[in-house]
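Asks: next come a sequence and a model predicted from it.
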Amino acid sequence: MARRIALYTFGVFRAPAGHPVNQGFHDRNDINLLAAERSEGFISRSGYDDEPGPESWGKQVFPRFYVERGDGWSPSTLSLWKDLESPIAFTYAGIHAEALKLGRGWFQKPAWPPYALWWVEGDYVPTWSDAVVRHEHLHEHKASSFAFDFKTPFDGDGHPAGIDRGLVKRLVSLNMNRQAACP
């Protein structure tokens, strides 16, 4: 099986999760997860402990940047994608792009990377612990083949890579059609 790209996202709310200021996030969360699942190149995602949906890829843990707000969690995702361009097409277009614009009102401006990417071999499924290690490594050491971001990507062989912008545009178009049916 070919290498796949793992994507971990992490944010810290400005206020406790249940605060009314975060309602827009909660209203969009399930829609965004569904939009990701319908996106071209999406393979799978981890669920969360004790929640309906996909199985959790290990015990959910958080990076050291986590701030306890009395609710025991912070928004994070862990997913697998076919290639580098697929999560870019999902992240910066459509339903999720709207959430990114609004996110400044929900989340603290991070002093850490908001996400980390890395390649996984074959059918390996990364755990939440793997994700935190990669995320913290990106923060401490900047982009490398171990953990990187969209601005400084690496290919599956560990070499600096470029992004196929034409492919991203084609994927955005496919995703728009697929996501049109999202509630």
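Replies: That came in fine, so what should we check first? Everything quoted here is computed from the prediction, not taken from an experiment.

Asks: dig out what the nearest residue to I43 once chain neighbours are set aside forms beta bridges with.
Replies: Once flanking residues are discounted, I43 sits nearest to L80: 4.1 Å by CB to CB, 6 or more residues apart in numbering. Yep, even glycine has a C-beta here, placed from its N, CA and C like the rest. In this structure, L80 bridges to A6, S44 when assessed by DSSP bridges.

Asks: double-check L80 against R4; I have them as touching.
Replies: Yes. With contact defined as CB atoms under 8 Å, L80 counts as touching R4 (5.0 Å).

Asks: find the residues that touch each one of those two.
Replies: I43, V120 (CB atoms under 8 Å, 6 or more residues apart in numbering).

Asks: by mean pLDDT, flag the weakest helix or strand of the chain.
Replies: helix 94-106 (a mean of 89; mean pLDDT, DSSP states H and E).

Asks: who are the packing partners of that one?
Replies: helix 23-37, helix 85-91, helix 165-179 (3 or more CB pairs under 8 Å, 6 or more residues apart in numbering; DSSP states H and E).

Asks: what about 7 Å?
Replies: The elements that helix 94-106 packs onto, with contact taken as 3 or more CB pairs under 7 Å, 6 or more residues apart in numbering; DSSP states H and E, are helix 23-37, helix 165-179.

Asks: assumed L138 was part of a helix.
Replies: Yes. Assessed with DSSP: H, G, I helix; E, B strand; the rest coil, L138 lies in a helix.

Asks: how about it, nearest residue that isn't a chain neighbour?
Replies: Nearest residue to L138 in three dimensions, chain neighbours excluded: A147, at 3.9 Å (CB to CB, 6+ apart).

Asks: hmm, the one you found is touching V132, no?
Replies: No. The pair A147 / V132 is not scored as a contact, 10.7 Å apart, by CB atoms under 7 Å.

Asks: which one of the two is surrounded by more residues?
Replies: A147 (25 against 22; other CB atoms under 10 Å).

Asks: need phi/psi at that one.
Replies: phi -160, psi 130 (degrees, to the nearest 10).

Asks: let me see the contact set for it.
Replies: A116, W118, R134, H135, H137, L138 (CB atoms under 7 Å, 6 or more residues apart in numbering).

Asks: run the last query once more with 8 Å
Replies: Residues near A147 by CB under 8 Å, 6+ apart: A116, L117, W118, R134, H135, H137, L138, H141.

Asks: how close does the fourth one sit to D50?
Replies: Between R134 and D50 the computed distance is 25 Å (CB to CB, to the nearest Å).
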